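Asks: The following block contains a protein sequence and its predicted model.
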Amino acid sequence: MVATLARRFGDLGIAEEAASEAFTIAVERWPVDRVPPNPGGWLTTTASRKAIDLIRRENKRANKHREAMMMIDDEPLQPLGAIDDDRLRLIFTCCHPALAMEARVALTLRMLGGLTVAEIARALLVEETAVARRITRAKVKIREAGIPFRVPSSGDLSERVSGVLAVLFLVFNEGYLATGPDTDPIRDSLTAEAIRLARLIRELMPEDGEVAGLLAMMLLIEARRRARLSASGELVTIDEQDRGAWSRALITEGHSLVRERLNSGELPGRYQILAAINAVHTSALDGRDTDWSQVVALYDQLVWLDPSPVVALNRAIAVAEVDGPDVALAEVDCLGAALDTYHSFHATRADLLRRLGRGREAYEAYDRAIEHSGNTAETAYLIRRRDQLVD
Amino acid sequence: MQYLVSVIDDGQADAVDSDTPASSAEQAAIDVFNEQMQTDGYWVFAGGLGRPVGATVVDNRGETPIVTDGPFVESKEFLAGLWIIEAPDLDVALRLAHGASKACNRKIEVRPFLQV
């Protein structure tokens, strides 16, 4: 509803305020007057009237006022398609590249996720006042700079979609492996919210391969959630997870999306490749049956698209299973300059050194990994691994 | 909406060995860009600025006017020129700014005029 009002009146603040006034009226009246036959339509109509009042009160937007009057004249019931279009417009507005990434995340969680400012503050580990300021500032910019409520033109679309997906990926990642020591190590509410929004975008843009890819990747990672933490609160690596605890329903859904993309014959983007990698992992009933050469081949494809050191690091982890830890270690050691403060780099080195029987070096690498890991479950896992070393 | 499209020089003028702050190649590219903007109906105004050394600051809010030599902020980056464009929204303005940045070989700031 906020999306519809925002499109109609071109102003997020008015849309939100009008929607909340309409809900307040509904809460007061419905128990007395009975719920109207079309509650959604009633709310939208009421909110539209409130929005016009608000605009009148502001008294300085003659054009908007005129437009609003024109639109309220005969209030046709919005077909579902139009509402979906409005939500899509709202996603693109919230994730506009002219807004700072932090503002995009906060605004998306607020306007699309419907999270309260307090919930967002907890999610992002910042003060409520900071979140409120971020959102207010973003709304002012949207209004003053003329950021449109519009699905981008086809020329910009793929770039803008990838901007939206980057926001969802960021939210999901924080849920998947929380970066700070002051929260639960795995934050279900964030992964769930990212998946919910990805499903929404998938419904709105069913043809987009990367949208399907991101959703599939999230589902296949989320499927393993219950197996990722041990009873003592340690992170459990994929080879040691109880695969019986994986969610078959999510895996089936994820695999079907990956198959759909493979059958499309289109070249996959990075999320589709990441989804395919997760599909390989979740296809093996036993960790020892994992088709690691397939994983390496997929990482080769990914490196070609995204030659970043983090991708190279993840590729090396798969290389260790195919060509041995010595080959992998040589590759990992080339990344030291770029990844020296990245916990995963040191954890990967530590594991490879351990497997090569180089205990003393492994111990130091575990120390470095522990130093840079903020996630409590990961830290617990690394400490145990380090303390089990015998040199 | 109208947008101010500011050209930010962060060292390009110093690299030009002549009186004009823009190189002849840059100037030619800007001319082509301006013609296209006029054809497409976005163009309102454009102008290049002289180097900041030519600036004078006047403050006449007090009893007597104070005139100071030089720009109001000394910085490595400075305003080198500007466009004023008419665009329906920020998406269009940013797309034009992409072209402007290429043409003049400098960073660009896009800022909306106050709407009245």
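Replies: Everything's here; your move.
Asks: Point out where chain B drops to low pLDDT.
Replies: By pLDDT under 70, the weakly predicted segments of chain B are B:17-19.
Asks: Is the longest helix belonging to it in proximity to chain A?
Replies: The residue-count maximum for a helix in chain B (DSSP state H) belongs to helix B:24-40. No. For a cut-off given as Cβ under 8 Å from any Cβ of the partner chain, helix B:24-40 has no contacts with chain A; the smallest distance is 14.6 Å. For the C-beta atoms, the positions are set from N, CA and C on the backbone; glycine is no exception.
Asks: What residues of the helix or strand following that helix count as buried?
Replies: Sequence-wise, the next helix or strand downstream of helix B:24-40 (DSSP states H and E) is strand B:43-48. By 16 or more other Cβ atoms under 10 Å in any protein chain shown, the buried positions in strand B:43-48 come out as B:43-44, B:46.
Asks: for the residue of the stretch 51-200 of chain A found nearest chain B, what are its contacts?
Replies: Closest residue of the stretch 51-200 of chain A to chain B, Cβ to the nearest Cβ: A:Pro148 (3.9 Å). With contact set as Cβ atoms under 8 Å, 6 or more residues apart in numbering or on different chains, A:Pro148 has these partners: A:93, B:88-91.
Asks: Most widely separated two among these?
Replies: The span of the contacts of A:Pro148, defined through Cβ to Cβ, is set by A:Thr93 and B:Pro88 at 14.9 Å.
Asks: Flag every buried residue along the helix or strand hosting B:Val7.
Replies: Secondary structure from DSSP H and E places B:Val7 in strand B:2-9. By 16+ other Cβ under 10 Å, the buried positions in strand B:2-9 come out as B:3-9.
Asks: will you turn those into JSON lines that also has distance to A:Asp53?
Replies: Shown next, in JSON lines, are those (distance: Cβ to Cβ, whole Å):
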{"residue": "B:Tyr3", "distance to A:Asp53": "31"}
{"residue": "B:Leu4", "distance to A:Asp53": "34"}
{"residue": "B:Val5", "distance to A:Asp53": "37"}
{"residue": "B:Ser6", "distance to A:Asp53": "39"}
{"residue": "B:Val7", "distance to A:Asp53": "44"}
{"residue": "B:Ile8", "distance to A:Asp53": "43"}
{"residue": "B:Asp9", "distance to A:Asp53": "49"}
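Asks: Which member of those is positioned nearest A:Thr376?
Replies: B:Ile8 (44.7 Å).
Asks: show me the contacts for the spatially most central residue of chain A.
Replies: In chain A, the residue lying closest to the centroid (Cα atoms, centre = their mean) is A:Leu168, at 2.4 Å. By Cβ under 8 Å, 6+ apart, A:Leu168 lies in contact with A:108, A:194, A:197-198, A:201, A:214.
Asks: Over to A:Ala328?
Replies: Contacts of A:Ala328 by Cβ under 8 Å, 6+ apart are A:316-317, A:319-320, A:352.
Asks: now B:Phe72
Replies: Contacts here follow Cβ under 8 Å, 6+ apart; on that basis B:Phe72 touches B:55, B:57.
Asks: let's go with 6 Å and repeat that
Replies: B:Val57 (Cβ atoms under 6 Å, 6 or more residues apart in numbering or on different chains).
Asks: repeat for A:Ile317
Replies: By Cβ under 6 Å, 6+ apart, the contact list for A:Ile317 reads A:Thr348.
Asks: Please apply the same query to the one 4 residues further on.
Replies: Applying Cβ under 6 Å, 6+ apart to A:Glu321 gives the contacts A:Trp292.
Asks: for it, helix, strand, or coil?
Replies: Put simply, A:Glu321 is helix when judged by DSSP: H, G, I helix; E, B strand; the rest coil.
Asks: Could you measure from it over to chain B?
Replies: 44 Å (Cβ to the nearest Cβ, to the nearest Å).
Asks: in the strand or helix carrying A:His281, what counts as buried?
Replies: Using DSSP H and E, A:His281 sits within helix A:270-283. Within helix A:270-283, the residues scored as buried using 16+ other Cβ under 10 Å are A:270-282.
Asks: What residue in chain B comes nearest to chain A?
Replies: For chain B, Cβ to the nearest Cβ, closest residue to chain A: B:Asp89, 3.9 Å.
Asks: helices and strands around the strand holding B:Val7, which ones?
Replies: strand B:78-86, helix B:90-104, strand B:107-112 (3 or more Cβ pairs under 6 Å, 6 or more residues apart in numbering or on different chains; DSSP states H and E).
Asks: Reformat those into a markdown table and put distance to A:Asp326 and mean neighbour count next to each item.
Replies: A markdown table is the format used below for the helices and strands packed on strand B:2-9 (distance: least, Cβ to Cβ, whole Å; neighbours: other Cβ atoms under 10 Å in any protein chain shown):
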| stretch | distance to A:Asp326 | mean neighbour count |
| --- | --- | --- |
| strand B:78-86 | 55 | 19 |
| helix B:90-104 | 48 | 19 |
| strand B:107-112 | 47 | 16 |
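Asks: closest to A:Ala330 out of those?
Replies: Distance to A:Ala330, taken as Cβ to Cβ, is lowest for strand B:107-112 among these, at 41.1 Å.
Asks: before we move on, the earlier item: relative to the strand holding B:Val7, what are the paired strands and their orientations?
Replies: strand B:78-86 (antiparallel), strand B:107-112 (antiparallel) (DSSP bridges).
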